[in-house]
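> Structural data only, the sequence is not supplied:
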């Protein structure tokens, strides 16, 4: 690491669905700068990174040779980039095994939800445990689905107490930019139970009693969760909605307003004119929230799998590098930069 | 009604997804005969009915004129058909309002799940309440989803006791023969809760404590249910599977055998070489059945929405016309004719 | 119309897929201003228009009452808006019949491709006939597919001569924001032939000998065209690519770069960080261009149906209001504002 | 080979989509018998083969061990089966490389369209070149798409003369029983041109001037072809339809009858109550056939990719084993057994 610089220098290793979004978000902060992005292949995404003016690096010397051959200008390799970085956000495919590399380079690192909690023994959610992660060397941001569950369950647990949760995750099959995976015209249950999402929520909220069930369906745009919560304290629908109105990164939508499905949620996201038409918030249908017998709460939420973890990554960078010690202030700063309202 | 005939004369009013299947099934019984099928339009399905040798009727005189014009030979109208029928299976779109017509004609009638329970105040499931419906004038066979839930829940309740059920229904968007409806690439929650399926199950099993949640997804072939049951008596997986092995019209499938999704279930159905490649049974993934804490049971089941009610309709005909008083014998006879094994 | 104002005042009637995009584009020009947008229903899209600060109008008094009831602040009705507008871009559903209204209000108007050419007897494409439309009262911008065909065929015809074109249009079924229409899991041919697209191309290029065939498939994101052209002059692939490189609003993409399908094209569009992640250009696969026997040219192009006509609408505004008489200058100005490169 | 047996003994190597259909078809003939089917894995399809009473073999000793372990009763290995077979229909994945095995075993063999023509230097279509293949040792039945094109083009060429063909193939992405492959919500062009289908048609009709273009779309049930033919002799639509009415394995369907898309074609196939709800015929929309300028013919046809080659395989067996020397007689016999009308 170099001695003097004004803003924290952030490397992005892996420039796919998550990596390129975190890169854009880092580039939009005033207390950090994008040191560079690392790719394995000189494909169209690499070319677009250059078009955006991002310093581009190849993952290793073999990759660098491919970049040269393809006429795509890379500045060096991952190792070169780490030398001029304070922290790396690892967005490589799961189990890519870069931890020793980062340790050797002496950089802090953030991994994504594809990795096991055990890689870092510390999983991050800005609202739930920012302080706990402050100054840490390594942290993991859990997956899109897990982050989505924590967003709505944490305030319920904090204010009303959660006895038990059953969440059925109706998962998108693959991301919109993919054209290989299916299933086409089929529904695929995850037969192992609970699905990994329940334990993953517990990596941040260890005391939450949650069971998750997952099913894969032929859509690309969003996951949908049907959540059932047994509350400790009775509450009515309005009280629950109020809790969510007060927290960040949860957005109430309404079937009565014409938002009938995930199609209209993402249409709304596009109408917001944000970068890449992303939706960082978890969308909850306010007319789909029901309370039965005082303490049994049902609700539907939708998760934009490509982007909901992006603000968490930015906050995690601040926490690890201690750029900001107040979680609320970090979240506000992040959200303002991304266009997320309250 | 005429005085003498060897087999019960069955009319099918409405020759769409369900109607044409019930027609084929009736034609395959030895104690009933297909008096005729009624269609509103002389389209390709009408022509295929003729190709199968089914007496074809138009729904009314206006429709009959259309049939004549199209050169599709109809024998008369619904009214003509009812004169030579003992019972009509109504497979018309919901709320078509034919009850007065059937009353006037003095025929017994069976409706499908699109109608409200209140139309007949009697809803039918062969395993659950055959005897109760015996000799009735009018009965309703609940929808595919409801029938599917009753098939697996009834034996659980009868043998282990059911405290409470939560069923999340991941519904196919439309039938395979349709090319108009979506959604394409979206997930659509049913915001009203509980979905109508829970009360509908109670039309047959009035004491069952069940809550249902429904979500629509872009597939045509099957519904999938993620079911959570709190049992009164503790049981292990094997005990639960044994209960289902002993009842009719439930088929255990296995992810380990390569049946990973509804795609392979319907592939299996095609491999069985049954009529129309239908699957009358409810398919339960045996490696997706889990019991937690002794009494909480989780399972996945898949429902072929086009055909699971077909055997129920045949049994309902026998019950209403008192062709057979023993539910088991009727079910065995029906299943043998349709190729359903035990 | 009022007497003095600095920028041309543009009304948008109909704030759906096209209307909201044209509104955003108008708001981004320095020689025109968004006078207001007109909606029929106070749904989520209306609320997002307000969030963007767009003056919102109801289509008529009945609609206005609905807006009031829903607490969505509208400034008045379409008639009120037309009084303070110089030109209206009509993005209402086809055959909405507003021409007399616009005539009475004395405003110029631009319609979209859902309307017949006969409504205006003048159809617009910036590259092909900007001058011809200059100063006109009424003009029509042809549909997304037609505009897409003109974009690539016009330069071929101008430079090499086109003997005959056969274009097979593999059409997306419905737009991404829709969750009602199908077909799911089916392919639907347009049995009437030629499809309307051929004659529609001729509304701008009357001498072009073109036959079009259309097929609808279960996707929402883009149309794809397989185009076969018999050229008058022989040319090789490189010559053809060069022609397209020199014109605006055509983008060459490459399968070798990882752009294998429409999924990656729209992924690329998102990576460009443009408004709504739109792609205004027609994408042509450069490694899918082939010339056989010197004069028979084959190519594939993809059309983002929601946005390719947006720059044409902006140019059409300039042409009608004579804000700019040079087509090239208008196109450059429009493209710069939308982030379209050359 | 054994010396005496009444019917030709047919082995099926590979019991997937095509293999299991050919097996069923062989089992339904009176001049051949199903000696056995060979599978690599003891999955649900293997179990269903046993349920149908088909002698089951493992592909080799390792596979046999897996069958034993899974408790699925196999009679031996492929080598064992070949000893008691006269001919093997190879339905293994392409380039499985069994030709030396068959040569060593001294059996005749038929491959499917996944293989190159060069494997056998003889490709088969019953209507086009049955006699030419009579008595051959090895033959290949071209792919579903190629067979579909030959079915409709051969009679056109024979009776009217074909100057040139351009066929755009809108291909299903994967088969219905698959739940792995996509693309979801995208269209994927085959950038290499011509697609392999054109040369493949020429493997049977060497003089036909044909160019093919292929595009993959998110559907599982059928391929659709948009075909353009320049005829040598002028003809009107009725003359063309008459040609197709007279040949086998082409079925005319009608949009006016409600057959708007491939969804209704397969619905019709199910209504026919054939085995597996297959459609062996190529479906041509009679109201989608158009002739322009006397000699330019346009038409749409749909191909059930899983089954259209099944009757060709049966005829190929008869040709190779010289069970029947008259192509027409073989086709009639095959069609009668499969329920294909004229």
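Yep, it's here. Predicted model only: the values in this text are computed from it and were never measured. Residues are numbered from 1 along each chain as shown, chains lettered A, B, ... in the order given.
> can you give me the helices for chain A?
For chain A, the helices defined by DSSP state H cover A:17-27, A:44-51, A:61-69, A:78-83, A:99-105, A:126-133, A:144-159, A:197-202, A:237-246, A:262-271, A:310-320, A:327-338.
> Mean pLDDT, mean neighbour count and distance to residue D:323 for those - can I get that in TSV?
To be clear about C-beta, it is placed using only N, CA and C from the backbone, and glycine gets the same treatment. Below are those laid out as TSV (pLDDT from 0 to 100; neighbours: other Cβ atoms under 10 Å in any protein chain shown; distance: least, Cβ to Cβ, whole Å):
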stretch	mean pLDDT	mean neighbour count	distance to residue D:323
helix A:17-27	98	24	57
helix A:44-51	94	20	56
helix A:61-69	97	15	57
helix A:78-83	98	21	66
helix A:99-105	98	15	67
helix A:126-133	98	20	74
helix A:144-159	98	24	59
helix A:197-202	96	22	59
helix A:237-246	98	16	74
helix A:262-271	97	25	56
helix A:310-320	98	26	67
helix A:327-338	98	18	73
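> now for those helices, which one comes closest to residue C:101?
helix A:262-271 (26.7 Å; Cβ to Cβ).
> Tell me who's in contact with residue A:38.
A:11-15, A:57-59, A:78, A:81 (Cβ atoms under 8 Å, 6 or more residues apart in numbering or on different chains).
> got a winner among the residues you listed for most neighbours?
residue A:12 (31 neighbours; other Cβ atoms under 10 Å in any protein chain shown).
> re the thing from before, got a markdown table for the helices of chain A, with distance to residue D:39 too?
A markdown table is the format used below for the helices of chain A (distance: least, Cβ to Cβ, whole Å):
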| stretch | distance to residue D:39 |
| --- | --- |
| helix A:17-27 | 38 |
| helix A:44-51 | 41 |
| helix A:61-69 | 41 |
| helix A:78-83 | 46 |
| helix A:99-105 | 43 |
| helix A:126-133 | 51 |
| helix A:144-159 | 37 |
| helix A:197-202 | 36 |
| helix A:237-246 | 53 |
| helix A:262-271 | 40 |
| helix A:310-320 | 47 |
| helix A:327-338 | 54 |
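> can you tell which of those is closest to residue B:219?
Per Cβ to Cβ, nearest to residue B:219 of those: helix A:262-271, 14.7 Å.
> Let me know the angle separating that closest one from helix C:17-27.
Between helix A:262-271 and helix C:17-27, the angle comes out at 10 degrees (axes from the mean of the first three to the mean of the last three Cα atoms, to 10 degrees).
> quick one, what contacts the closest residue to chain D within the stretch 201-342 of chain A?
Nearest residue of the stretch 201-342 of chain A to chain D: residue A:220, at 5.3 Å (Cβ to the nearest Cβ). Contact partners of residue A:220, counting by Cβ under 8 Å, 6+ apart, are A:172-176, A:178, B:185, D:184-185.
> With residue A:146 instead?
A:113, A:197, A:200-201, A:203-204.
> switch to 7 Å and redo it
A:113, A:197, A:200-201 (Cβ atoms under 7 Å, 6 or more residues apart in numbering or on different chains).
> same question, residue A:72
With Cβ under 7 Å, 6+ apart, residue A:72 has these contacts: A:42, A:46-47.
> For it, give me phi and psi.
phi -100, psi 120 (degrees, to the nearest 10).
> go on, the one 3 residues further on?
Backbone geometry at residue A:75, expressed as degrees, to the nearest 10, gives phi -90, psi -10.
> Which per-residue confidence value corresponds to it?
Residue A:75 carries a pLDDT value of 97.
> quick one: residue A:44 from chain B, how far?
Residue A:44 sits 22 Å away from chain B, going by Cβ to the nearest Cβ, to the nearest Å.
> List buried residues within the contacts of residue A:220.
Using 16 or more other Cβ atoms under 10 Å in any protein chain shown as the burial test, the contacts of residue A:220 include A:172-176, A:178, B:185, D:184-185 as buried.
> my read: residue A:27 touches residue A:34, true?
Yes: between residue A:27 and residue A:34 there is a contact at 4.7 Å, judged by Cβ atoms under 7 Å.
> ok, back up a step: and the contacts of residue A:72 near chain C, which?
When contact is defined as Cβ under 7 Å from any Cβ of the partner chain, those do not meet chain C at all.
> need the residues of chain A near chain B, please.
Checking chain A against chain B by Cβ under 7 Å from any Cβ, the hits are A:166, A:168, A:170, A:183, A:185-189, A:191, A:193, A:213, A:215, A:217-222, A:224, A:226, A:228, A:255, A:260-263, A:285, A:287-288, A:290, A:298, A:300.
> switch to 6 Å and redo it
A:168, A:170, A:183, A:185-189, A:191, A:193, A:213, A:215, A:217-219, A:224, A:226, A:255, A:260-263, A:285, A:287-288, A:290, A:298, A:300 (Cβ under 6 Å from any Cβ of the partner chain).
> Quick check on the residues you listed: which are buried?
A:168, A:170, A:183, A:185-189, A:191, A:193, A:213, A:215, A:217-219, A:224, A:226, A:255, A:260-263, A:285, A:287-288, A:290, A:298, A:300.
> circling back: excluding covalently adjacent residues, which one is nearest to the residue of the stretch 201-342 of chain A closest to chain D?
residue A:176 (4.5 Å; Cβ to Cβ, 6 or more residues apart in numbering or on different chains).
> can you check residue A:332 too?
Nearest one to residue A:332, counting by Cβ to Cβ, 6+ apart, is residue A:248 at 7.8 Å.
> Give the phi and psi angles for the one you found, as a check.
Backbone geometry at residue A:248, expressed as degrees, to the nearest 10, gives phi -80, psi 150.
> so it touches residue A:330, yeah?
No: applying Cβ atoms under 6 Å as the test, residue A:248 and residue A:330 come out as separate, 10.6 Å apart.
> Please point out which parts of stretch A:286-302 sit buried.
Buried residues in stretch A:286-302 (16+ other Cβ under 10 Å): A:286-291, A:295-302.
> Which ones among the residues you listed map onto strands?
A:290-291, A:296-302 (DSSP state E).
> now, among these, which is nearest to residue C:310?
residue A:302 (27.7 Å).
> List the beta-bridge partners for the closest one.
Beta-bridge partners recorded for residue A:302 (DSSP bridges): residue A:224, residue A:283.
> was I right about it contacting residue A:221?
No: counting by Cβ under 6 Å, residue A:302 does not reach residue A:221; the two are 8.9 Å apart.
> Please enumerate the shared neighbours of the two.
residue A:262 (Cβ atoms under 6 Å, 6 or more residues apart in numbering or on different chains).
> List the ones among the contacts of residue A:220 that fall in strands.
Reading strands off the contacts of residue A:220 with DSSP E, I get residue A:172.
> can you put the contacts of residue A:220 in JSON lines and add distance to residue C:91 and pLDDT?
Formatted as JSON lines, the contacts of residue A:220 follow (distance: Cβ to Cβ, whole Å; pLDDT from 0 to 100):
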{"residue": "A:172", "distance to residue C:91": "30", "pLDDT": "97"}
{"residue": "A:173", "distance to residue C:91": "33", "pLDDT": "96"}
{"residue": "A:174", "distance to residue C:91": "33", "pLDDT": "96"}
{"residue": "A:175", "distance to residue C:91": "31", "pLDDT": "96"}
{"residue": "A:176", "distance to residue C:91": "25", "pLDDT": "96"}
{"residue": "A:178", "distance to residue C:91": "32", "pLDDT": "91"}
{"residue": "B:185", "distance to residue C:91": "23", "pLDDT": "96"}
{"residue": "D:184", "distance to residue C:91": "29", "pLDDT": "95"}
{"residue": "D:185", "distance to residue C:91": "25", "pLDDT": "96"}
